[in-house]
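Asks: Need coordinates for the below:
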Amino acid sequence: MALSALRSVSTALTLSLLLVGCGGRGDAASPSTDKDSNAAAAEGEANADKPAPTPLPQADLAKPLAEYRKLDSGQQVMFLYAAMSRLPTDFDTMASLASQEYRGTADTFRRKDLMGALRPQLEQSIADAGRSPYYWSELEDADLQAYDFERKGFPVGEFNGGKYRYFMDIPEYSYTWANPAQVQLAPVADETVARQLEGLRSRWNSKPRLRTYFFVQSADLNQRRINAYVTHVQLLDRSGRVLASYSPDPAVAAQPAEEDPCVSPEDCARRALGS
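Replies: Just a heads-up that it's a prediction; the model follows:
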């Protein structure tokens with residue numbers, strides 16, 4: 001009888017120890033879990049400390065097209081770049097590009113005199129460019145692709161990829177489209193107009209023209225390039241008659257989320273440091 005009771009007590013004690021041991025293992029966090037939690041916390045702190053990219057100015061989409069100015073020279077692009085870059089202006093380089101006389105003389109006294117006359121003009125041109133950075137440009141060939149019957153529109157080759165444009169007077173400065181994905185398709189639901197455009201684009205001597213209205217949103221400090229946000233597009237025939245017009249598609253992202261433009265000295269420094 002005593003032996004039976006002793007065995008019962010021993011069995012009960014063994015079960016109690018096993019239950020305590022199992023419970024202890026289940027409640028304790030594993031080393032891998034601790035590492036994951038610490039890594040997530042560190043990543044969160046790093047993201048919190050990471051400076052946000054410089055917010056870009058937004059276009060006034062209601063601005064009348066008649067108030068846009070024509071962009072047709074490299075000097076204008078240079079002044080727009082200077083206005084948007086927020087960098088100290090290099091007047092010597094700018095005067096060399098803008099003035100043949102300044103560029104062509106090695107006489108330091110003459111260059112000094114010329115700079116005295118040129119600098120106020122350059123400063124005024126930069127101020128004028130930045131005061132209302134709404135412009136339009138026109139290309140002889142819209143580079144329309146074949147009509148897309150499913151989407152009821154023409155893919156526009158000019159807005160396909162990271163193309164940029166410049167003028168021959170000062171090719172050192174250029175401009176590119178900030179939101180090409182939003183205007184890659186020219187919607188033309190009217191079959192009569194679509195047939196007309198298709199006929200024009202399929203002949204080498206009657207390609208439709210492309211007129212693009214845009215807002216100069218920022219400057220790429222690595223490229224001497226301005227980023228033009230397209231606000232309105234027109235397709236014209238050779239006589240200048242508007243055959244179709246459209247605005248950016250808001251359902252399409254303006255640019256890929258992974259892009260990190262260098263549009264301010266702070267952004268450039270952040271990119272260089274990899275932060």
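Asks: quick one: the strands in this structure?
Replies: According to DSSP state E, the chain carries its strands in the segments 69-70, 134-139, 153-155, 164-166, 174-177, 185-187, 209-220, 225-236, 242-246.
Asks: Reformat those strands as TSV; add distance to residue 113.
Replies: C-beta here means a position set from N, CA and C on the backbone, and glycine is covered the same way. Supplementary listing: those in TSV, determined by distance: least, Cβ to Cβ, whole Å:
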stretch	distance to residue 113
strand 69-70	32
strand 134-139	33
strand 153-155	54
strand 164-166	31
strand 174-177	32
strand 185-187	52
strand 209-220	31
strand 225-236	31
strand 242-246	49
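Asks: between these, which one is nearest to residue 115?
Replies: Of all the strands of the chain, strand 209-220 sits nearest to residue 115, with 23.7 Å by Cβ to Cβ.
Asks: Direction included, what does the closest one pair against?
Replies: Strand 209-220 has these partner strands in its sheet, going by DSSP bridges: strand 134-139 (antiparallel), strand 225-236 (antiparallel).
Asks: what is the mean pLDDT for it?
Replies: The predicted model assigns strand 209-220 a mean pLDDT of 97.
Asks: ditto for stretch 184-203
Replies: Averaging pLDDT along stretch 184-203 yields 97.
Asks: what's the spacing between that stretch and its chain's center?
Replies: On the basis of Cα atoms, centre = their mean, to the nearest Å, the separation between the geometric centre of stretch 184-203 and that of its chain is 28 Å.
Asks: Could you list the low-confidence segments of the stretch 101-250 of the chain?
Replies: Confidence mapping of the stretch 101-250 of the chain against pLDDT under 70 gives zero matching residues.
Asks: do that again at 90, thanks
Replies: 161-162 (pLDDT under 90).
Asks: ok so, going back, among the strands of the chain, which is nearest residue 119?
Replies: strand 209-220 (20.8 Å).
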